[in-house]
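Asker: missing the sequence, but the structure's below:
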């Protein structure tokens, strides 16, 4: 074989690998007829999903386009197309200044990250342990305790606003970081999801086998159950972080100091100032690009965590 033949052989092997991969994907694909759906039904559902995707992405497209405009062009040009001058970098630079004396966006961004990490991360830890406990242990009052936690979903937040404010006042949690973090640790939805996920993905036989081999409960949870729970944990983490990140009502209730505001409340302050000053301050472009900066970390978090939903389903069964 000559040196000239090597690239051809390499190309042939790469082509064969692609062909083999394509055949494997086709073999792994379940025919639509096995789902009991007709081709027309699938087409209609696909069209509805496409329309929903467009409906969801339209606000994102609007905020990206208008983050490049000046305040004048923001009101005088078509909302779904760009205009000159291109002011994205200027708006982004002014975003982290003390615009209008109403607060620094950089501080608000840091506060939001802090609340999301402590509240969302803590809620994920508690939901993971509570969901595993409710799913794999039976003790007196477990069902009643579980239903009591789930009953919290039936109470609207507006109904407990005044009692919550009075309690916070008594325990000195007004204008306190812990006043934001502690309620965020409670997530009935996350606990329910983890309980359901553990029941479906963590076999009792695997846990019983580990107990017979002499493993303790803590080791069983950390080395066997937890790796099996990774997709569920990542889902609860994303839900919890997004809930804290987008929370507006709770920080509006407990914070009166500008330096403690998260981005949601801080941008609300900008919006109120922009409306009350009749547009004399250049705040509307800051609000638009601030919204863009708000959603970008959540998109990045989703892209980072989505790979865990496809893996880790049987990792606990091979843990050492």
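Answerer: Yes, it's here. Because the structure is predicted, anything quoted here is derived from the model rather than measured.

Asker: what about the stretch 1-150 of the chain, any weak spots by pLDDT?
Answerer: Within the stretch 1-150 of the chain, the ranges that satisfy pLDDT under 70 run 1-12, 25-37, 98-103.

Asker: Strands along that one, start to end?
Answerer: Counting by DSSP state E, counting those that start in this stretch, one finds no strands in the stretch 1-150 of the chain.

Asker: need the helices for it, in chain order.
Answerer: Here the stretch 1-150 of the chain has its helices, by DSSP state H, counting those that start in this stretch, at 5-28, 39-66, 71-76, 88-95, 105-115, 121-136, 142-151.

Asker: Mind checking the ones you listed for the one nearest to residue 168?
Answerer: Closest approach to residue 168 among the helices of the stretch 1-150 of the chain is made by helix 105-115 (15.5 Å; C-beta to C-beta). For glycine as for every other residue, the C-beta is placed from the backbone atoms N, C-alpha and C.

Asker: Now do the closest one: which elements does it pack against?
Answerer: helix 177-184, helix 230-245, helix 263-276, helix 284-305 (3 or more C-beta pairs under 8 Å, 6 or more residues apart in numbering; DSSP states H and E).

Asker: Take the helices of the stretch 1-150 of the chain and write them to CSV, including mean neighbour count and distance to residue 212.
Answerer: Shown next, in CSV, are the helices of the stretch 1-150 of the chain (neighbours: other C-beta atoms under 10 Å; distance: least, C-beta to C-beta, whole Å):
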stretch, mean neighbour count, distance to residue 212
helix 5-28, 10, 36
helix 39-66, 12, 47
helix 71-76, 15, 68
helix 88-95, 16, 59
helix 105-115, 19, 44
helix 121-136, 20, 16
helix 142-151, 13, 24
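
Asker: Kindly present the ones you listed as TSV, with separate columns for distance to residue 301.
Answerer: TSV is the format used below for the helices of the stretch 1-150 of the chain (distance: least, C-beta to C-beta, whole Å):
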stretch	distance to residue 301
helix 5-28	29
helix 39-66	16
helix 71-76	29
helix 88-95	20
helix 105-115	11
helix 121-136	12
helix 142-151	26
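
Asker: Residue 158: which of the ones you listed is closest?
Answerer: Minimum separation from residue 158 across these (C-beta to C-beta) falls at helix 142-151, 17.0 Å.

Asker: what about the helices of the stretch 1-150 of the chain, which gets the closest to residue 241?
Answerer: Nearest of the helices of the stretch 1-150 of the chain to residue 241, taken as C-beta to C-beta: helix 121-136 at 7.6 Å.

Asker: List of residues touching the closest one?
Answerer: Contacts with helix 121-136, where a contact means C-beta atoms under 8 Å, 6 or more residues apart in numbering, come from 142, 145-146, 149, 181, 184-187, 190-199, 202, 204, 207, 221, 225-226, 229, 232-233, 236-237, 240-241, 244.

Asker: Just the buried subset of the residues you listed, written out for ChimeraX, thanks.
Answerer: To isolate the buried subset of those in ChimeraX, counting by 16 or more other C-beta atoms under 10 Å, use the following:
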select :146,149,181,184,185,187,190,191,192,193,194,195,197,198,202,207,221,225,226,229,232,233,236,237,240,241,244
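
Asker: Point to the residue nearest the middle of this protein.
Answerer: Geometric centre of the chain, nearest residue: residue 238, 3.3 Å, by C-alpha atoms, centre = their mean.

Asker: Disregarding residues adjacent in the polypeptide, which is nearest to that residue?
Answerer: Using C-beta to C-beta, 6 or more residues apart in numbering and skipping residues adjacent in sequence, the residue nearest residue 238 is residue 305, 5.6 Å away.

Asker: Please tell me how far the one you found sits from residue 143.
Answerer: Using C-beta to C-beta, to the nearest Å, residue 305 is found at 32 Å from residue 143.

Asker: likewise residue 53?
Answerer: Taken as C-beta to C-beta, the span from residue 53 to residue 143 is 40 Å.

Asker: I figured residue 249 was touching residue 160, is that so?
Answerer: No. Contact criterion C-beta atoms under 8 Å: residue 249 and residue 160 do not qualify, at 11.0 Å.

Asker: Next, the contact list for the residue nearest to the centre of the chain, please.
Answerer: Counted by C-beta under 8 Å, 6+ apart, residue 238 has contacts 301, 302, 305.

Asker: tell me which of those is nearest to residue 264?
Answerer: residue 301 (16.6 Å).

Asker: Give me the pLDDT for that closest one.
Answerer: Reading off the confidence values, residue 301 has pLDDT 89.

Asker: Now that it has come up, it's in contact with residue 241, right?
Answerer: Yes. Under the criterion of C-beta under 8 Å, residue 301 makes contact with residue 241 at 6.5 Å.

Asker: re the thing from before, confirm for me that the residue nearest to residue 238 is in contact with residue 239.
Answerer: No. Contact status for residue 305 versus residue 239: not in contact, 10.7 Å apart, counting by C-beta under 8 Å.

Asker: Fine by me, we can end here.
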